[in-house]
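Asker: Got a predicted structure here, sequence first:
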Amino acid sequence: MSDLAKIPVTVITGFLGAGKTTLMRHLMQNPQGRRLAVLVNEFGTVGVDGDILRACADENCPDENIVELANGCICCTVADEFIPTIEALMALPQRPDHILIETSGLALPKPLLKAFDWPDIRSRITVDGVIAVADAEAVAAGRFAPDVAAVDAQRAADESIDHETPLSEVFEDQISCADIVLLTKADLAGEAGLAAARALIEAEAPRRLPILPVTDGVVDPRVVLGLNAAAEDDLAQRPSHHDGMDDHEHDDFASVVIDLPEVGDVADLVARIERLARERDILRVKGHVAVAGRPMRLLVQAVGARVRHQFDRPWGAGARQGRLVVIAEHGDIDEAAIRSALVG
């Protein structure tokens, strides 16, 4: 790449547990000759996604090219963290050919896109495209974006309903900013679920968008990289619920970190997480767990009551400390109750 050419950036956005990290891993493993750099942002104080992506580091995306921001939502820390981090990536001895950014599930993409209009980086970087990752099964079930007509009917009948739920606003903002929507876990949704999810997204999108079903994050990189969208130049075509506001708050969401002792029964832990999700409306649980008699870490990823787990790699030289991040809407976070439910 010429030193005068702008570095393209792909922003990968999507709701909690939609499959952003799985997509990132696939792109890192199939770089199409590109030298990549990765920026991952998580909601909460413990980085899980960054750790997963570091396991994929290779000569095309070495460890020093993978940066994690875990001190807050990326769209709220633009000046303090995002801009300096991007500048550091551009100053690497071997400049990356392409930067991938995985936002947290709670991030609004438009404030992030606005950051690329900053004079310090505008001449050196461009937003190649925004990829919205949506869980097809969940979207089809209407859990993350309500039916607009039904909401309008409720609003007409009840004056106290004058706004969308926080989850739907996040989802709609992500779709509105997207250049492509990937419907993940297509194998779980089935043809009827995919059709329902597609119809809902098409109804919410402000313009016609390509919507592609994917399973396990597998998509031809040529489809999602090299879009040349220059998204920073057409922000007006990417409307947001928060247009006109200087910033936004995440007071609707909260997270807690639960340290876990070594567990002997994985099935019992899974049952505890499922029960916790149902009883306390938990959105997301993720982290690593130490299992008695097993040298490998157990990676746990839960979206609502749907729990997935696998042994990912051996524990390091330090202590075998299990730790889970639990994310929920603010009123559903009770640290003592969550700790009791998971630890006993």
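Answerer: Alright, I've got the coordinates.
Asker: Only C-alpha atoms from now on, for both contacts and neighbour counts.
Answerer: OK.
Asker: List phi and psi for Gly129.
Answerer: Gly129 adopts backbone torsions of phi 180, psi 160, taken as degrees, to the nearest 10.
Asker: where's the spatially closest residue to Gly304 that is not a sequence neighbour, which helix or strand?
Answerer: Nearest non-adjacent residue to Gly304, counting by Cα to Cα, 6 or more residues apart in numbering: Leu283, 4.9 Å away. Following DSSP states H and E, one finds Leu283 within strand 282-290.
Asker: Which strands or helices does the helix or strand that that strand is followed by pack on?
Answerer: As assigned by DSSP H and E, the chain's next helix or strand after strand 282-290 is strand 296-303. Judged by 3 or more Cα pairs under 8 Å, 6 or more residues apart in numbering; DSSP states H and E, strand 296-303 is in contact with strand 282-290, strand 306-314.
Asker: Quick one: the strands in this structure, in order.
Answerer: Using DSSP state E, the strands found in the chain span residues 7-14, 36-41, 66-69, 98-102, 125-135, 180-184, 211-213, 253-260, 282-290, 296-303, 306-314, 322-329.
Asker: looking at those strands, which one has the lowest mean pLDDT?
Answerer: Among those, strand 66-69 has the lowest mean pLDDT, at a mean of 70.
Asker: how does this structure divide into domains?
Answerer: Domain segmentation of the chain under automatic domain parsing yields 7-237, 253-343.
Asker: Compare the mean pLDDT across those and name the weakest.
Answerer: Of all those, mean pLDDT reaches its minimum on domain 7-237 (a mean of 76).
Asker: what's the span of that domain, first residue to last?
Answerer: End-to-end distance of domain 7-237 (Cα to Cα, to the nearest Å): 23 Å.
Asker: Next: stretch 328-344.
Answerer: One end of stretch 328-344 sits 20 Å from the other (Cα to Cα).
Asker: again with stretch 203-221
Answerer: Termini of stretch 203-221 sit 27 Å apart (Cα to Cα).
Asker: re the thing from before, can you tell me the strand partners of the strand holding Leu283 and which way each runs?
Answerer: Sheet partners assigned to strand 282-290 using DSSP bridges are listed as strand 296-303 (antiparallel), strand 322-329 (antiparallel).
Asker: which residues are contacting the last one?
Answerer: Just to be clear, that refers to strand 322-329. Defining contact as Cα atoms under 8 Å, 6 or more residues apart in numbering, one finds that strand 322-329 is touched by 44, 46, 252-262, 281-290, 333.
Asker: doesn't Val303 make contact with the residue nearest to Gly304?
Answerer: Yes - contact status for Leu283 versus Val303: in contact at 5.9 Å, counting by Cα atoms under 8 Å.
Asker: Contact partners for Ala88?
Answerer: By Cα under 8 Å, 6+ apart, the contact set of Ala88 is empty.
Asker: gap between it and Leu27?
Answerer: Distance, Ala88 to Leu27, by Cα to Cα: 22 Å.
Asker: go on, Arg280?
Answerer: Distance of Arg280 to Leu27, computed by Cα to Cα: 35 Å.
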